[in-house]
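**Student:** Next comes the sequence, and after it the predicted model I'd like to discuss.
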Amino acid sequence: MKYDLIVIGSGPGGYVAAVRGAQKGLKTAVVERENLGGICLNWGCIPTKALLKSAQAFNYARHAAAYGVKCDAVEADLNAMVDRSRGVSATMNKGVEFLLKKNNVDVIQGIATLLPGRKVAVDGAEYEADHIIVATGARSRVMPSMPQDGRRIIGYREAMTLRQQPKSMLVCGSGAIGSEFAYFYQSIGTQVTLVEFMPQILPNEDEEVAAQMSRSFRKMGMKVMPSASVEKVDIEGDTCHVTVKDLKKNTETVVDVDIVLSAVGVVTNLEGLGLDECGIKHEKGKIEVDDCYRTSVPGYYAIGDVVHGPALAHVASKEAICCVDAIVHGTAPKVNYQNVPGCTYTTPEVASVGLTEKKAVEAGHEVKVGKFFFKASGKATAAGNTDGFVKVVVDAKTDLILGAHLCGDNVTEMISELVAAREQGITARQLAAAIHPHPTMSEAVMEALEAAHGEAVHG
């Protein structure tokens, strides 16, 4: 069968590309080997947020007395939490199915292989298209020191569907995935040890944000070990003997836990795809593309985790729009990789965009820094969640916002204001001049911007 566009993979990059293509009048099909919605909807962003919401509800119930509510015999039911999480994923999966059907996108179930001549083979059947987009995503990286067996040494999929709550767990890797699972299991009563190779947890975040998260995690009772590496895991019965090396002291300790969760990043799904047979250039697990996501071979494109750039769902969706618009119109506005927000959905949450203070200074900027701590926020105090702050990094000469780093309750819903300001070149003074409603958490953005100019009223 002949199509105008075939998309391989139906994650947040793939299904968005397929829908956009259909909306632009292209006869479109999407190939999916597993579940519609890809990892994000089924095994990533969405189900983890459902688990984290359950943990949040449990913690509110545990501390209900602080809010004047009597709540006795509160227990965490991991099975029920997992069931709810899987139900949320199933609902979103049906939503993607409806969206594709509504836009007349054909769904081809199976494993796709690229063929020369703008063709795709799916389980023996052959399809042809003028344009083919690769959006096959990524999977959990397996480290030699932690070979995953799916039982004692697990990845994010198993962590999402455990039916028996472990008494103890070691999480290796403190990026968004590792930190979120560490927070979830610690919240419901598992003793968690969080190991991070870099000098700080959440290595890509501002140093002060990382320090705040370390304090918050330790306040929960979590053991946090930065500048450390997992050297090996010896399994004896139901116990994992984990050898952890302190990289600063050059010493080793053994941590005994029930479960080891490896959260040390992802690898792209490119094996067996037929890239070499089609002559498509790729290196170190990434497909080479131009600004419109064209590969080295005309008619073939790639977006999402399989190309260079942040491996984030919202980035893949933005790339999908750019790619399809370029197919239809010949060109499209480029994705601004300097203005991509990052979010971690722990409690407190973390959200950031742009340069950290350290990187701004290293880049040669003269900076002004403004901070506002949530302990001074009326809304945060009323909510009982005062951990964290808003920090803005402003160019002293242009007054443009170089970066923003938020740590606190609900800050993932607040970062978009700063992303939009940076995208449109709105200065710190201009954004601060906008009236922010009181009492809200978002007032902290205004307060931090004013603090950068030495004009904070409440900070």
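**Tutor:** Sure, I can see it.

**Student:** drop to CA atoms for contacts and neighbour counts, all remaining ones
**Tutor:** Fine.

**Student:** residues of the helix ranked longest in the chain that come out buried?
**Tutor:** Taking DSSP state H as the criterion, the chain has its longest helix at helix 78-102. Buried residues in helix 78-102, defined by neighbour count with 16 or more other Cα atoms under 10 Å: 78, 81-82, 84-86, 88-90, 92-93, 96-97, 99-100.

**Student:** just stretch 306-317 next, same as before
**Tutor:** Counting neighbours by 16+ other Cα under 10 Å, one finds that the buried residues in stretch 306-317 are Val306, Val307, Ala311, Leu312, Ala313, His314, Val315, Ala316, Ser317.

**Student:** Spit out the contact partners of the fourth one.
**Tutor:** For Leu312, the contacting residues are Gly304, Asp305, taking Cα atoms under 8 Å, 6 or more residues apart in numbering as the criterion.

**Student:** cool, and the last one?
**Tutor:** Taking Cα under 8 Å, 6+ apart as the definition of contact, the neighbours of Ser317 are Pro12, Gly13, Gly14, Val16, Ala17, Gly304.

**Student:** Specify the local secondary structure of it.
**Tutor:** Recorded secondary structure, Ser317: helix (DSSP: H, G, I helix; E, B strand; the rest coil).

**Student:** Give me the nearest residue to it, chain neighbours excluded.
**Tutor:** Nearest non-adjacent residue to Ser317, counting by Cα to Cα, 6 or more residues apart in numbering: Gly13, 4.5 Å away.

**Student:** I figured Gly342 hits Gly354, correct?
**Tutor:** No. Contact status for Gly342 versus Gly354: not in contact, 9.4 Å apart, counting by Cα atoms under 8 Å.

**Student:** Would you mind pulling the contact partners of the longest helix of the chain?
**Tutor:** Residues outside helix 78-102 that contact it (Cα under 8 Å, 6+ apart): 15, 18-19, 35-37, 41-42, 46-48, 50-51, 54, 106-107, 160-165.

**Student:** just stretch 324-338 next, same as before
**Tutor:** Here stretch 324-338 makes contact (Cα under 8 Å, 6+ apart) with 17, 20-21, 24, 131, 291-292, 309, 318-319, 322-323, 354.

**Student:** which of these count as buried?
**Tutor:** The neighbour-count test (16+ other Cα under 10 Å) applied to the contacts of stretch 324-338 identifies Ala17, Arg20, Gly21, His131, Cys292, Lys318, Glu319, Cys322, Cys323, Gly354 as buried.

**Student:** Closest one of the buried residues of helix 78-102 to Asp234?
**Tutor:** The closest of those to Asp234 turns out to be Leu78 (Cα to Cα; 26.6 Å).

**Student:** Please tell me how far the closest one sits from Ala159.
**Tutor:** The spacing between Leu78 and Ala159, counted by Cα to Cα, to the nearest Å, is 11 Å.
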